[in-house]
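[1] Show me the folded form of this:
(2 chains)
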Amino acid sequence: MHLAYPAVLAVLLFCVGLYGVLARRNAILVLMSVELMLNAVNLNLVAFDVWLRDTLHSGQALTLFTIAIAAAEIGIGLAIVLAVYRNRGTSAVDDLRDTAERPDDGGDGDGVGPEGAAAEEPDEPAPGASQKAEATA
Amino acid sequence: MNLPIAADAPQGFLSPTGIEIAFVLVGLVTLGAAVITVTTRQLVHAALWLVVALGGLAVEYLLLTAEFIAWVQVLIYVGSVVVLLLFGLMLTRAPIGRSPDADSGNRPVALAVALAAAGALVWVVVDAFRTQWIELDKPQGTTDVTGSILFRHWVLPFEALSVLLLAALVGAIVLSRKSKDEPDANGRQNRNGPKTPAAQKAPKDQKAPKAPNDQTGQTDQTDQTEGTR
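    I've put the predicted structure just below:
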């Protein structure tokens, strides 16, 4: 089999996932698109591993690791999405603009935004990392 | 080492082998399912088309003789990740029918970026690898080979990965449970918390019938999130 077939398929799948990440509004659909991109990388890894006939089979081992990491990522990502939905009542990524830099304070310089966000955080009691993640998400 | 083989063997694009034809056909199905996944306006249908795309990729792994990866793909992705995504869609009360705001406003920009990236990458990849040939005479990814490689040469990353999975599990539980002293949306304390204001205000009439509903819904939610994991 030509190596170009799996390589081109992986490229196209990656670009479809890229479009989904950029264009989707629902956070769970964004996570689906991330899964598509990760699968494109997996296909590349397997194809090049079979092509190179690696004695260590690094490509297939890395594919297994990528699948496990993707499973962990989807678990954490869905937990964050659920926490955001519980707090805000929405899972649209367009509505989560609390840490966005407004155009009016953009003239104050770029350093103001992160410093201001860092200065706000110690004001909260912040007993656990979960609350901080929920507040800043 | 593949170059002289690719040079004199009858391996042109005009005489595809059976495996290549199967690969291209399954690849077209996979790509079409992926495109529908990112463009459909029905959110649950997107998850179901994702099953088709991931299953097609499993078939591609089988055609590339990486059978263990294929079955792991079916087990992990089709079996658990998509189910997790469906639970996420249901728990965030995603609309069942067509939702008009599934795509955000920067859709043309996203389309332009994706098309530009696809064009550039396809050009580069085809130009780089069009003469390379994969020999599929001997299976490369049987369970025997993968198991011995994984537990002989990749043991340390494997164990580190298990620690990472444990950390992700604990992190997901911590993220998805409610903290004890955090008041919920109605201003009441949580049922696990100290009974300071909620128990004292309990004789108020409008709060008493509301509490069981809210708490059952809440336990349902936590049970389901933990069950999906």
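[2] Now B:Gln132. Nearest residue, chain neighbours left out?
    The shortest distance from B:Gln132 to any residue other than its chain neighbours is 3.9 Å, reached at A:Leu3 (C-beta to C-beta, 6 or more residues apart in numbering or on different chains). The way it works is simple: take the backbone N, C-alpha and C, and place the C-beta from them, glycine included.
[3] Against chain A, how distant is B:Pro95?
    When distance is defined by C-beta to the nearest C-beta, to the nearest Å, B:Pro95 is 10 Å away from chain A.
[4] measure the residue lying closest to that residue once chain neighbours are set aside to B:Val52 for me?
    Beyond its immediate neighbours in the sequence, the residue positioned closest to B:Pro95 (C-beta to C-beta, 6+ apart) is B:Leu43, lying 6.8 Å away. With the distance defined as C-beta to C-beta, to the nearest Å, B:Leu43 ends up 16 Å from B:Val52.
[5] So for the two, which residue has more residues nearby?
    B:Leu43 (23 against 17; other C-beta atoms under 10 Å in any protein chain shown).
[6] returning to that earlier point: thought the residue nearest to B:Gln132 was touching B:Ala128?
    No - counting by C-beta atoms under 8 Å, A:Leu3 does not reach B:Ala128; the two are 9.1 Å apart.
[7] Which pLDDT value goes with the spatially most central residue of chain B?
    Centrality entry for chain B: nearest residue to the mean C-alpha point is B:Val81, 4.8 Å, by C-alpha atoms, centre = their mean. The predicted local confidence for B:Val81 comes out at a pLDDT of 93.
[8] Roughly how far does the closest residue to A:Asp95 other than its chain neighbours sit from B:Thr92?
    Counting by C-beta to C-beta, 6+ apart, A:Arg88 is the residue found nearest to A:Asp95 once chain neighbours are left out, at 7.1 Å. A:Arg88 sits 11 Å away from B:Thr92, taking C-beta to C-beta as the criterion.
[9] quick one, which of these two is more surrounded?
    Looking at A:Arg88 and B:Thr92 with other C-beta under 10 Å, you find the greater number of neighbours at B:Thr92, namely 21 against 14.
[10] show me the contacts for the more buried one.
    A:28, A:81-82, A:85, A:91 (C-beta atoms under 8 Å, 6 or more residues apart in numbering or on different chains).
[11] hey, which helix is longest across chain A?
    Across chain A, the longest stretch assigned as helix under DSSP state H is helix A:58-88.
[12] Which parts of chain B belong to which domain?
    B:1-153, B:159-229 (automatic domain parsing).
[13] tell me the most buried of those domains?
    Stretch with highest mean neighbour count among the domains of chain B: domain B:1-153 (a mean of 17; mean count of other C-beta atoms under 10 Å in any protein chain shown).
[14] for the record, mean pLDDT for stretch A:92-110?
    Throughout stretch A:92-110, pLDDT has a mean value of 72.
[15] so where's chain A shaky on pLDDT?
    With pLDDT under 70 as the threshold, chain A has low-confidence stretches at A:105-137.
[16] what's near enough to touch the residue most central in space within chain A?
    The structure's chain A has its C-alpha centroid closest to A:Val34; by C-alpha atoms, centre = their mean the separation is 6.2 Å. Residues in contact with A:Val34, defined by C-beta under 8 Å, 6+ apart, are A:17, A:21, A:73, A:77.
[17] Same question for B:Pro16.
    Each residue near B:Pro16 by C-beta under 8 Å, 6+ apart is listed here: B:Val24.
[18] can you give me the helices for the chain?
    As the question left the chain open, I've gone with chain A. A:4-23, A:27-52, A:58-88, A:112-120, A:129-136.
[19] wait, chain B
    Secondary structure of chain B by DSSP H: the helices cover B:3-8, B:18-39, B:43-63, B:67-73, B:82-91, B:107-129, B:143-152, B:155-176, B:197-200, B:210-227.
[20] what's near enough to touch the nearest residue to the residue nearest to the centre of chain B once chain neighbours are set aside?
    If you skip the residues right next to it in sequence, B:Val81 has A:Ile74 as its closest partner in space, 5.2 Å away by C-beta to C-beta, 6+ apart. The neighbours of A:Ile74, taking C-beta under 8 Å, 6+ apart as the test, are A:31, A:35, B:81, B:84-85.
[21] With distance to B:His153 added, can I get those residues in CSV?
    Supplementary listing: the contacts of A:Ile74 in CSV, determined by distance: C-beta to C-beta, whole Å:
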residue, distance to B:His153
A:Leu31, 32
A:Glu35, 28
B:Val81, 27
B:Leu84, 31
B:Leu85, 33
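[22] what's the closest of the residues you listed to A:Ala47?
    Among those, A:Glu35 lies closest to A:Ala47 (C-beta to C-beta), at 18.7 Å.
[23] Pick out the shakiest of the domains of chain B, pLDDT-wise.
    Lowest mean pLDDT of the domains of chain B: domain B:159-229, a mean of 58.
[24] A:Val30: how many residues sit nearby?
    For A:Val30, the tally of surrounding residues (other C-beta under 10 Å) stands at 22.
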